[in-house]
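Visitor: For reference, the sequence and a predicted model appear below.
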Amino acid sequence: MRVPADASSVAPVRHEIVRDLEERDLPEDLVGEAEIVASELLTNAVRHARPLSDGTIRVRWKIRGDVVEVEVTDGGGTTVPTPAPRTVWLQSGRGLRIVRSLAHEWGVTEDRTGNVVWATLGGPSRRRAT
């Protein structure tokens, strides 16, 4: 799904991914983890990256058995997404650390439009983790 590159897009994406995964009878904990990961990846894209050429950010998820892969594609940014260093004083910047703690694998790839940040929940993906 393509959504506006705006923080207001996070809630509808969360709702849609939960609805879709629940309809597929995936385990409750996997649905919750996918919801959190999608939210964090999209929030990072909105805050730190440019939108795609049409002003949107693309959010996709794939399901294979009990494995869910979530990916967010944006127009790229000035830096490559990396988890922030661990510190008790940070008010923000924990999103990719949360993703890393929940995901079986996660990574960043570049395509012709920008960055694709992805995470796999419930097991390995066909991608190589970074």
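Guide: Cool, got the structure.
Visitor: Quick check: longest helix in this structure by residues?
Guide: helix 28-48 (DSSP state H).
Visitor: buried ones in that one?
Guide: Residues 30-31, 33-46, 48 are the ones in helix 28-48 that count as buried (16 or more other C-beta atoms under 10 Å). For glycine as for every other residue, the C-beta is placed from the backbone atoms N, C-alpha and C.
Visitor: could you measure the residue nearest to residue 66 when sequence neighbours are not counted against residue 8, distance?
Guide: Spatial nearest neighbour of residue 66, excluding adjacent residues (C-beta to C-beta, 6 or more residues apart in numbering): residue 122 at 4.8 Å. According to C-beta to C-beta, to the nearest Å, residue 122 and residue 8 sit 29 Å apart.
Visitor: what about the helices in the protein?
Guide: 10-23, 28-48, 95-102.
Visitor: Mean pLDDT and distance to residue 57 added to those, as JSON lines?
Guide: Formatted as JSON lines, those follow (pLDDT from 0 to 100; distance: least, C-beta to C-beta, whole Å):
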{"stretch": "helix 10-23", "mean pLDDT": "98", "distance to residue 57": "9"}
{"stretch": "helix 28-48", "mean pLDDT": "95", "distance to residue 57": "5"}
{"stretch": "helix 95-102", "mean pLDDT": "85", "distance to residue 57": "14"}
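Visitor: Need those in a markdown table (columns: distance to residue 60).
Guide: Converted to a markdown table, the helices of the chain look like this (distance: least, C-beta to C-beta, whole Å):
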| stretch | distance to residue 60 |
| --- | --- |
| helix 10-23 | 10 |
| helix 28-48 | 10 |
| helix 95-102 | 16 |
